[in-house]
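Novice: Build me a model:
(one chain, ligands or ions: 2)
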Amino acid sequence: MTRVPAASSLQPVPGKPRPRVLSIAGSDPSGGAGIQADLKSIAANGGYGLAVITALTAQNTRGVTGVHVPPVEFLTRQLEAISADVTVDAVKIGMLGNAEVIGAVADWLGAHRPAVVVLDPVMVASSGDRLLDADAEAALGRLMALADVVTPNVPELAALLGEAVAADWESALEQGKRLAAEHGVSVLVKGGHLDGDISWDALVDLSGASASDVTVFEAPRVDTVNTHGTGCSLSSALATLLGAGLVPTEAVGAAKAWLLEAIATSSELAVGAGHGPVNHFHHGVLPSARDVAGYAADLWTTAAGDLERIYELPFIAALGDGSLEEADFAYYLAQDALYLNTYSRVLAAASSLAPTEAEQAFWAKGARECLDVEAELHRSWLVGREVSMVQGPETKQYVDHLLARAGEGDYAVLVAAILPCYWLYAEVGAVLFREFEQAGAPDSHQYAMWLRSYSDPAFAEATRQAIAYTAEAARRSTPAQWTAMQEAFAHSSRFEVDFFDAPSRRVPRGRA
Ligand SMILES: Nc1ncnc2c1ncn2[C@@H]1O[C@H](COP(=O)(O)OP(=O)(O)O)[C@@H](O)[C@H]1O
Ligand SMILES: Cc1ncc(COP(=O)(O)OP(=O)(O)O)c(N)n1
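Specialist: Ligands and ions are numbered 1, 2, ... in the order given. Purely as a prediction, here's the structure:
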């Protein structure tokens, strides 16, 4: 009877479907900003985009030559048509044009507020053309009260506070904190208009969902003129990721990383002679969050074959029934201790590459725990035993593989290489412990302590999380990265088999 299930109980269940994200904004016929940019940004980040148009602009990459705001009654008709039929998970609000439009959107939000509201307080295009009547700026206060996050650039921040435009990042951040406190709303301060090699942004988070009230995000400033619609694209990506369930700091981090690549690859497009658009689809259309489960299932297909082989190994059979020679077990534990020392460094590398704070903390905790387990192995099992502490060939090839992936610096590929150690150990540990219990948990079993440690529910939970993070990284990967992830995972999975088999193959046999 096979001990390998068709799906691991540790795999993520299918996640939320694509968040339905409504953009309430103006039209930019050149496709770089406004509704057109919003819909691309929402799709690129895994959402389903809906659009209600507040205003038409005549503009291109060189500037705005006209603005037409249709009768506000028709805006309300559009909004009512959507809410009569569709559950909206998140809304992004962009260009509004005048105070009457602001009033209509505020009225609609008052009655039908979706779970996530991101307000980009668009006032003036980077070309200098007005997109909101000057006398309507004060009316934005009513909308801010209904928003979760407001995303002003530096001039908008000053206008909303009635202060002078900040000349540097520190002053802009202070203004962002003041705006958040004044209106009781989270503020994403955008530093794109400032000079310097770094493009700063910061989230002043009043939601209580983040580890700290202020999280600063930095990215290299791309030397390009193609920054048309960066604010529209960022706020739409943010609304989509919040709608998908990410916490605010994670959503901002992921949206900014995506936008940075869109700006950096914007020269692949050839649109207009002025400030060109960003490359929204640099990584294609992101699969829905629901598809995360599919990536984990694909990895399981690879792991399942190796797991089958692990269960067939004489070492595992003897470990399970307690008949394993002590010298083989000592060899295995010594290699495990050596392995864990390097594995800890590799987990630390994953922590330093992690795209979100939660992942950073998770891998750092894993790195720390490896050292604790290694120390415990020395204290409880290896002390007093004559065991060689030289890396065996199987250990060496495994850690060399992990170190090489860490050295390449691709987070997604690295976590794929890391995962089999969690996953296969958790599976093997759970099965052997279950069989041990079914056999009446005999006192005479020499390795009961080991079986207990690997069937620990906390380890299973950590494994579940490691699988979920890897599958999420796969969802965000390019096709080439996903191939590299599968290869890295397959190698590690195969090395797990060799690692479990090594004690039976070591030469000379006898003392470990
Ligand atoms: N040249 C650049 N390189 C990297 N990031 C940039 C660049 N210009 C703008 N950004 C980023 O684009 C986003 C929008 O910024 P900003 O230009 O301040 O807003 P807006 O487009 O609303 O005027 C921010 O995340 C900012 O950091
Ligand atoms: C229709 C429309 N809406 C918004 C803007 C402003 O776009 P934004 O991303 O804030 O920045 P710039 O493109 O002006 O740098 C727009 N131009 N058109």
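Novice: Just confirm Val91 is within a strand.
Specialist: Yes. The assignment for Val91 is a strand, going by DSSP: H, G, I helix; E, B strand; the rest coil.
Novice: wait, it sits on Val116?
Specialist: Yes. The pair Val91 and Val116 qualifies as a contact (C-beta atoms under 8 Å) at a distance of 7.0 Å. (Glycine included, C-beta is placed from N, CA and C.)
Novice: so what's in contact with the two at the same time?
Specialist: Common contacts of Val91 and Val116, defined by C-beta atoms under 8 Å, 6 or more residues apart in numbering, comprise Ala239.
Novice: Of those two, which one has the most company?
Specialist: Between Val91 and Val116, counted using other C-beta atoms under 10 Å, the more crowded position is Val91 (30 against 25).
Novice: and whatever residue of the stretch 201-350 of the chain ends up closest to ligand 1, how many residues sit next to it?
Specialist: Nearest residue of the stretch 201-350 of the chain to ligand 1 (C-beta to the nearest ligand atom) works out as Gly231 at 2.0 Å. For Gly231, the neighbour count with other C-beta under 10 Å is 25.
Novice: list the contacts for it?
Specialist: Ala33, Asp120, Val122, Thr151, Asn153, Lys190, Gly192.
Novice: which parts of the protein sit against ligand 1?
Specialist: Residues of the chain found near ligand 1 (C-beta under 6 Å from any ligand atom) are 126, 153, 190-193, 199, 201, 219, 221-222, 224, 227, 230-231, 234, 256, 259-260, 263.
Novice: mind listing which of the residues you listed are in helices?
Specialist: Those of the residues of the chain next to ligand 1 mapping onto helices are Thr230, Gly231, Leu234, Lys256, Leu259, Leu260, Ile263, per DSSP state H.
Novice: do you know how far the closest residue to Leu347 other than its chain neighbours is from Pro152?
Specialist: Of all residues not flanking Leu347 in the chain, Ala367 sits nearest, at 3.9 Å (C-beta to C-beta, 6 or more residues apart in numbering). In this structure, Ala367 and Pro152 are 38 Å apart, going by C-beta to C-beta, to the nearest Å.
Novice: Compare these two (neighbour count), which wins?
Specialist: Pro152 (27 against 18).
Novice: Next, the residue of the stretch 301-450 of the chain found nearest ligand 2: secondary structure please.
Specialist: Scanning the stretch 301-450 of the chain for the residue nearest ligand 2 gives Pro355, at 23.1 Å (criterion: C-beta to the nearest ligand atom). In three-state terms, and counting by three-state DSSP, Pro355 is coil.
Novice: count of residues packed around it?
Specialist: 18.
Novice: burial of Glu374, as a residue count?
Specialist: Neighbourhood size, Glu374 [other C-beta under 10 Å]: 19.
Novice: What residues does it make contact with?
Specialist: Glu374 neighbours (C-beta under 8 Å, 6+ apart): Ala337, Leu340, Asn341, Ser344.
Novice: Confidence-wise, which of the residues you listed comes last?
Specialist: Among these, Ala337 carries the weakest pLDDT, at 92.
Novice: can you put the contacts of Glu374 in a markdown table and add neighbour count and secondary structure?
Specialist: Below are the contacts of Glu374 laid out as a markdown table (neighbours: other C-beta atoms under 10 Å; DSSP: H, G, I helix; E, B strand; the rest coil):
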| residue | neighbour count | secondary structure |
| --- | --- | --- |
| Ala337 | 21 | helix |
| Leu340 | 21 | helix |
| Asn341 | 14 | helix |
| Ser344 | 19 | helix |
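Novice: Let me know the closest of those residues to Val390.
Specialist: Among the contacts of Glu374, Ala337 lies closest to Val390 (C-beta to C-beta), at 11.9 Å.
Novice: Help me confirm that the closest one comes into contact with Arg379.
Specialist: No. Look at Ala337 against Arg379 with C-beta under 8 Å: they stay out of range, at 10.6 Å.
Novice: mind listing the strands for the stretch 101-250 of the chain?
Specialist: 116-119, 149-150, 186-190, 198-204, 214-220 (DSSP state E, counting those that start in this stretch).
Novice: where among these is the average confidence lowest?
Specialist: strand 214-220 (a mean of 92).
Novice: Just the buried positions in that strand, please.
Specialist: Thr215, Phe217, Ala219 (16 or more other C-beta atoms under 10 Å).
Novice: quick one: the last one and Asp197 touch, right?
Specialist: No. Because the distance of 10.2 Å does not satisfy C-beta under 8 Å, Ala219 is recorded as not touching Asp197.
Novice: Just give the closest residue to Phe459, not the sequence neighbours.
Specialist: Ala426 (5.9 Å).
Novice: now the one you found: how far from Gln11?
Specialist: Counting by C-beta to C-beta - Ala426 and Gln11 are separated by 12 Å.
Novice: Repeat that for Trp450.
Specialist: From Trp450 to Gln11 the distance is 25 Å (C-beta to C-beta).
Novice: Who has more neighbours out of those two?
Specialist: Trp450 (22 against 19).
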